[in-house]
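Engineer: 3D model of this:
(one chain, ligands or ions: 1)
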Amino acid sequence: MKYLAICEDDLLFQFMRKLATKRGEVLFLVQESEAARRIRRRGGSSQSGDLTADTTYEKAHLDRVNQVILFIRSRQLREQVYMLLRTAKPELPIVSLSSEKEATGNHKDPLLRRLPLEDMFEEFCAPQLLDTINRRTVERIRSLFREKDKIHILLQHDPDPDAIGSALALRELLGRNRATTPIVTFGEVTRPENLAMIRLLEIQIDRITHEDLHQDGAKLALVDVQPPYFQRPLGKVDLVVDHHPKRAPFPARFTDLRTQYGATSTIFTEYLRAAGMEPSQRLATALLYGIKSDTLFLERGSHIADLEAFTFLYPFASRALITRMERPALPREDLEALGRALSRLQLEDGVAVIHMGEVKREDVIPQMAEFCLQIEGVEWAIVSGLSGNRVVISVRNVGYVKSAGDIMKRLFDQIGSAGGHRAMAKAVVPLDRFKERFGEVSEKVIREAIVPLIAEREEDQPHE
Ligand SMILES: [Mn+2]
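Structural biologist: Below you'll find the predicted structure:
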């Protein structure tokens, strides 16, 4: 195999010197004789000559060349050389290295392959550079705390998987444990998936008060949240690592905000990786679940970095555990309520309405709505229930041109909170306000409120 690299100077040779000198089969054809000498001095083989002259290529024995590498920055010269090569040897494979905007040659030429320089740089150099930056960041983070310091890692009021995974990673990066570096919140974990996560991964999250935040000189680190979120001053904040947009300025000894990222867990994965730390199964699972849930499995607002972090973590994580977190077992009472509701289900015009009454766990309501869509003939599923002193209504449809979100907003936005999109919507209304407006909470009331709006919209909008 014989390669001919055609270049203006010896830059490409320097990039691929090892390869070029070791294999000895790359002949560099350069414009200037001085560049050719430099290549030879460093163990490469080279020739020089006017790149626009036929004779130069005759001397390079184009007939014996298997592959040409074209690295010419001037677009005009590159085009000229390309045409010369094609005329001299039409079947010669050519690889052209150039910037994407300035692609060379005939687009239909099957033997011409273009490698955009931007892509190569991104693929091979950018991760290395980012690693260097991250490594320095890790050093800086480690230097914030002294060994005897206690550190509180503070999360938002209802900690989610991204926050929890990030907190675990920070503790790991600092080489600390539960006793010296507790994970704390002013609120508590409430969502069933998140409760399943901390149970299955044996993660302890302690409740803390404002007063105890700096008890015994404890330092304060915030992950997946920023100080203004808390509305009350937190005292001295040592570290903030987050991916949410910055709403208000805040003082902190160290801040790393990457608002392009889909998850804070992605930032911490980069730190771990740059620090050369292999995550344990527990940590990798927590971070992977954090990225997965914050980006809706890499769909919502995710960045190439999220995908890279995900790929890095995947082999270390436990998929079985994640499946168990995502589908926490339903309480028996709620399942029974569901069974009773199903047995009296009446279907009119493809609309299924179920009121489950008091439920133990709120997430049973959307799950039930989802389930009802699978019943034969159901196009809309409306499921409601009482959770504490709130009425929760979940709507699903098979997704034609009707908007569940608009309907719920129209009905409930003024007396509670409501929203969603075409196929999926939710409303939460305080029980007393619901009664004020509708009298009582029942299947009949909900059906009479929502069904006319569904019918109206369907007449409005002709099928696409
Ligand atoms: Mn997050």
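Engineer: buried set for stretch 39-52?
Structural biologist: Ile39, Gly44, Ser46, Gln47, Ser48, Gly49, Leu51 (16 or more other C-beta atoms under 10 Å). Where C-beta positions appear, they are placed from N, C-alpha and C, glycine not excepted.
Engineer: Mind exporting the C-alpha coordinates of it to PDB?
Structural biologist: C-alpha atoms of stretch 39-52 as PDB (Å, rounded to 0.1, in the frame of the first residue of the first chain):
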ATOM      1  CA  ILE A  39      10.300  16.100   6.600                       C
ATOM      2  CA  ARG A  40      13.300  14.200   5.400                       C
ATOM      3  CA  ARG A  41      15.400  15.400   8.400                       C
ATOM      4  CA  ARG A  42      12.800  13.900  10.700                       C
ATOM      5  CA  GLY A  43      12.800  10.600   9.000                       C
ATOM      6  CA  GLY A  44       9.900  10.900   6.500                       C
ATOM      7  CA  SER A  45      10.100  10.600   2.800                       C
ATOM      8  CA  SER A  46       9.200  13.700   0.700                       C
ATOM      9  CA  GLN A  47       9.400  15.400  -2.700                       C
ATOM     10  CA  SER A  48       8.700  19.000  -3.600                       C
ATOM     11  CA  GLY A  49       7.400  20.700  -6.700                       C
ATOM     12  CA  ASP A  50       4.800  22.900  -8.100                       C
ATOM     13  CA  LEU A  51       1.500  21.300  -7.100                       C
ATOM     14  CA  THR A  52      -0.200  22.700 -10.200                       C
END
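Engineer: contact partners of that stretch?
Structural biologist: Judged by C-beta atoms under 8 Å, 6 or more residues apart in numbering, the contacts made with stretch 39-52 from elsewhere in the structure are 6, 8, 10, 13, 17, 20-21, 24, 26-33, 35-37, 55-56, 59-60, 72, 77, 80-81, 84.
Engineer: which among the residues you listed end up buried?
Structural biologist: The neighbour-count test (16+ other C-beta under 10 Å) marks 6, 8, 10, 13, 20, 26-31, 35-36, 56, 60, 72, 81, 84 as buried among these.
Engineer: Give me the mean pLDDT for stretch 65-72.
Structural biologist: Across stretch 65-72, the average pLDDT comes to 92.
Engineer: That should have said stretch 225-235, apologies.
Structural biologist: The pLDDT scores in stretch 225-235 average 94.
Engineer: Poorly predicted segments of the protein, please.
Structural biologist: When residues are selected by pLDDT under 70, those of the chain lie in 23-24, 100-105, 122-124, 300-301, 328, 399-402, 457-464.
Engineer: For the ion, what is the nearest residue in it?
Structural biologist: Among the residues of the chain, Asp162 lies nearest to the ion; the distance is 3.5 Å by C-beta to the ion.
Engineer: That residue - that's part of a helix, no?
Structural biologist: Yes: the assignment for Asp162, made by DSSP: H, G, I helix; E, B strand; the rest coil, places it in a helix.
Engineer: List the contacts of it.
Structural biologist: Asp224, Ala263, Thr264, Ser265, Gly290, Ile291, Ser293, Asp294.
Engineer: Looking at those residues, spot the one nearest Tyr314.
Structural biologist: Ranking the contacts of Asp162 by separation from Tyr314, with C-beta to C-beta as the measure, puts Ile291 on top at 10.2 Å.
Engineer: hang on, isn't that closest one packed against Tyr261?
Structural biologist: No: with the criterion set as C-beta atoms under 8 Å, Ile291 and Tyr261 do not qualify as a contacting pair; they are 9.2 Å apart.
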